[in-house]
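[1] Below: sequence and its predicted model.
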There are 2 protein chains.
Amino acid sequence: MKPSRRGFLGSVGVGAAGLAGAAGIAQAQLAPSRPQAAPADAEPFYGPHQAGITTPMQEQLYFASFDLAAKTRQDVVGLLRAWTEAAARLTAGLPASQAAPDPEKPPADSGEAAGLNPSRLTLTFGFGPDFFSLNGEDRYGIAARRPAALVDLQHFPGDELVAGQCGGALCVQACANDPQVAFHAVRELARIGYGAASLKWVQTGFSTANKTQGTPRNLLGFKDGTMNPSAATAAPVVWAGAEGPAWMTGGSYMVARRIRIALEHWDRMKLAFQEQTIGRQKASGAPLGGKTEFDTPDFAATDADGNPIIPETSHVRLAALVNNAGATILRRGYSYNDGANFVAERWPPWRQGIEYDSGLFFQAFQKDPRTGFIQLFEKMSRIDALNQFTTHTGSAIFACPQGVQPGRYIGQGLFEPA
Amino acid sequence: MKPSRRGFLGSVGVGAAGLAGAAGIAQAQLAPSRPQAAPADAEPFYGPHQAGITTPMQEQLYFASFDLAAKTRQDVVGLLRAWTEAAARLTAGLPASQAAPDPEKPPADSGEAAGLNPSRLTLTFGFGPDFFSLNGEDRYGIAARRPAALVDLQHFPGDELVAGQCGGALCVQACANDPQVAFHAVRELARIGYGAASLKWVQTGFSTANKTQGTPRNLLGFKDGTMNPSAATAAPVVWAGAEGPAWMTGGSYMVARRIRIALEHWDRMKLAFQEQTIGRQKASGAPLGGKTEFDTPDFAATDADGNPIIPETSHVRLAALVNNAGATILRRGYSYNDGANFVAERWPPWRQGIEYDSGLFFQAFQKDPRTGFIQLFEKMSRIDALNQFTTHTGSAIFACPQGVQPGRYIGQGLFEPA
């Protein structure tokens, strides 16, 4: 059921009355959250597709991967139902629960988002390989329904994966224009999931896409996303169709990769080298040999010596649709800044010291990772010149089910096929 | 000298001309940064006080502590001069350097803030104990000029300090409404400081103060800062005067404490217990026994059993000015979210698992820490009920010199007394 604001306000009235005599220390309840919420500041939760995939990017990401501790299929369904109901409320700018405050119970909502707008919050749910079976055990009787497209990602050249930044049975991607709103949403879902789902790893990120007129820049200082499908062209790239299970029709597969970038090293490279690595001009974003950002890259063009203007190993050449038999993805990555820690570079400039643990939390959405991210990255992981500066430390894949309608719960078609 | 936008645009013209024949791969230069910058979006850099102290809080913090590798006093002065010039440019929304792009050199600016507004960026500099002497060595001939108020912080009860989150010779506090702008500013200053100053530790943070009409809420879900001095009353609390060295007149002392909060534990406490811990109502922010947020707490009020309505160990009672012989501080803290990691609670509810590494990066500014933070926290660290949920893992103190005038550099009065 879609919680109505009227129902919520009603419950507040009950709460205030019920607590009137309660010891004088908790007369008040959390005020109706964000009463000034403008509809323009809330993203729709219900629909044929989950929000947060083709939704224009927000400023902040808080991504959480969970292990499942639920013992039974019924527990999992209960979790998904509770998460769906809470997500509908949270994305509308309401507290996670409409329970009346009770001084003798923990607050029904942790409260840090009270008074804030919805901030375009979206909550996107995904099921990882461990959701369907764990260590070969079919815990919830759904192992046979694991989609073929939800493959186990192979080890790619250069991977330096840290277990604590990989995998998971369930994911929640919270995106919002306010970090406190995104944090609050994950925190509430984790609270609701207590005992059934436990945090495995989390990742914050930020983007300027919501603030920049044109293509936003990543931490390399280059425009990032020039060749991304537009809202108009994304659908055939992103949404799974009749080729897979019905519950994934209108869903999408997410590949997430935590990519640390050696920014200090990159910053000491010549401008020309940076541009040859990317295959674009740093200032304008134009492909090398072109004049403006959206010029079609001329991969056949050569210089006076016969060398390609856009180098064979440049990032843009390897990522280009035209060079990848039609493989394509929707990128929806956020830069991350996880502080700084010790790194020893055993190569020039032989530097050692505290370096940024920063880079890109890359997220690709596609209808099938086998013809999307995997096809692209099998080549790029071997010869992309940018690999000199990047290290993939985290990796995960999730099947994000179709959108949800009022009264239903996320992934219902998986547990209750028509 | 204050760099003028006219001068900057002029240099771009020169750059474009000079590169016209340059191999076809770097014809363009970084476009004039953030041409749409509205004056209202830039905070003034020059003035009697450094910005970022009584400046209304921005949405994002990126704090960096540096060790000094500079060998000579001249090198330190050179660093401070270069940082001052860059800070004046960065806070105006300009690239760190006005050098013309040269394809054969690393870019003069890493570029990720190109196209973004100044976003109210402030850069606040501070000198830590290690600035004046390191391991007893007076490296720069200024040991005798260390202000008496720049004390070494003692070990407080409950401190669980991690070396990698403590201390430092120099700090840069970057605050802005955009995390990419704040990150960019620190990155550029670190680049400029290469060889003279090296990153020691960093901390990100966020606040909703810029978005909330009233007092913002912290991650405990409570309003935080109700008793903070207002812009009108902060001056006598914050700014050092004639009692110390001339270069600190109009400056301030910063105490920074990284406080991890056991949010999962807190979230499972009853509402009434949370309110007694803080001494305020969660929803309204009113002091217990009061009706609205700005009611004066009645510390003498007792209930029918003679117990104080505002408990003896409540946070608000211990922090209140009236209970601390006039000790007061300006709090300018940011919530932090550093992901999640493993915690084993060896007490009820005996939980172990992945928990948020989140809490508050507390910053106090005051004219003298001995009568400010230290006096307050000596008592609070012993008996504040909130200590059950908080752990101080980082600690640092810095003397933030007076503001800087055009043509001068930060801290100049320390090196060149009048």
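    Here it is on my side, so go on. Numbering: from 1, shown residues only, chains lettered A, B, ... in the order given.
[2] What residues does A:Asn337 make contact with?
    A:204, A:206, A:356-358, B:62, B:179, B:183, B:204 (CB atoms under 8 Å, 6 or more residues apart in numbering or on different chains). Every C-beta, even on glycine, is put in place using the N, C-alpha and C of the backbone.
[3] Touching stretch A:160-171 from outside, list them.
    A:63-68, A:124-131, A:134, A:155, A:197, A:200-201, A:203, A:254, A:256, A:258, A:391-396, A:398, B:341.
[4] switch the cut-off to 6 Å
    A:65-68, A:126, A:128, A:130-131, A:197, A:200-201, A:258, A:391, A:393-396, A:398 (CB atoms under 6 Å, 6 or more residues apart in numbering or on different chains).
[5] Buried ones in it, by neighbour count?
    For stretch A:160-171, the neighbour count (16 or more other CB atoms under 10 Å in any protein chain shown) marks A:161, A:164-171 as buried.
[6] What is the end-to-end distance of that stretch?
    One end of stretch A:160-171 sits 22 Å from the other (CA to CA, to the nearest Å).
[7] Check stretch A:89-99 too.
    12 Å.
[8] Using the neighbour-count criterion, name the buried positions in it.
    Buried residues in stretch A:89-99, counted by 16+ other CB under 10 Å: A:89-98.
[9] Need those residues in JSON lines (columns: secondary structure).
    Shown next, in JSON lines, are the buried residues of stretch A:89-99 (DSSP: H, G, I helix; E, B strand; the rest coil):
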{"residue": "A:Arg89", "secondary structure": "helix"}
{"residue": "A:Leu90", "secondary structure": "helix"}
{"residue": "A:Thr91", "secondary structure": "helix"}
{"residue": "A:Ala92", "secondary structure": "coil"}
{"residue": "A:Gly93", "secondary structure": "coil"}
{"residue": "A:Leu94", "secondary structure": "coil"}
{"residue": "A:Pro95", "secondary structure": "coil"}
{"residue": "A:Ala96", "secondary structure": "coil"}
{"residue": "A:Ser97", "secondary structure": "coil"}
{"residue": "A:Gln98", "secondary structure": "coil"}
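[10] got these as TSV, with distance to B:Val77 and pLDDT columns?
    Formatted as TSV, the buried residues of stretch A:89-99 follow (distance: CB to CB, whole Å; pLDDT from 0 to 100):
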residue	distance to B:Val77	pLDDT
A:Arg89	57	97
A:Leu90	52	98
A:Thr91	53	98
A:Ala92	56	96
A:Gly93	52	96
A:Leu94	56	96
A:Pro95	54	96
A:Ala96	54	96
A:Ser97	58	94
A:Gln98	62	90
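[11] In JSON lines: those, plus distance to A:Pro369.
    Compiled in JSON lines, the buried residues of stretch A:89-99 are given as follows (distance: CB to CB, whole Å):
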{"residue": "A:Arg89", "distance to A:Pro369": "32"}
{"residue": "A:Leu90", "distance to A:Pro369": "29"}
{"residue": "A:Thr91", "distance to A:Pro369": "27"}
{"residue": "A:Ala92", "distance to A:Pro369": "32"}
{"residue": "A:Gly93", "distance to A:Pro369": "34"}
{"residue": "A:Leu94", "distance to A:Pro369": "35"}
{"residue": "A:Pro95", "distance to A:Pro369": "36"}
{"residue": "A:Ala96", "distance to A:Pro369": "32"}
{"residue": "A:Ser97", "distance to A:Pro369": "36"}
{"residue": "A:Gln98", "distance to A:Pro369": "38"}
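[12] what about the closest residue to A:Trp83 other than its chain neighbours, distance to B:Asn387?
    Using CB to CB, 6 or more residues apart in numbering or on different chains and skipping the chain neighbours, the partner closest in space to A:Trp83 is A:Leu189 (5.6 Å). Distance, A:Leu189 to B:Asn387, using CB to CB, to the nearest Å: 29 Å.
[13] more neighbours, those two?
    Neighbours of A:Leu189 and B:Asn387, each counted by other CB atoms under 10 Å in any protein chain shown, are more numerous for A:Leu189; the result is 24 against 17.
[14] Much appreciated, bye for now.
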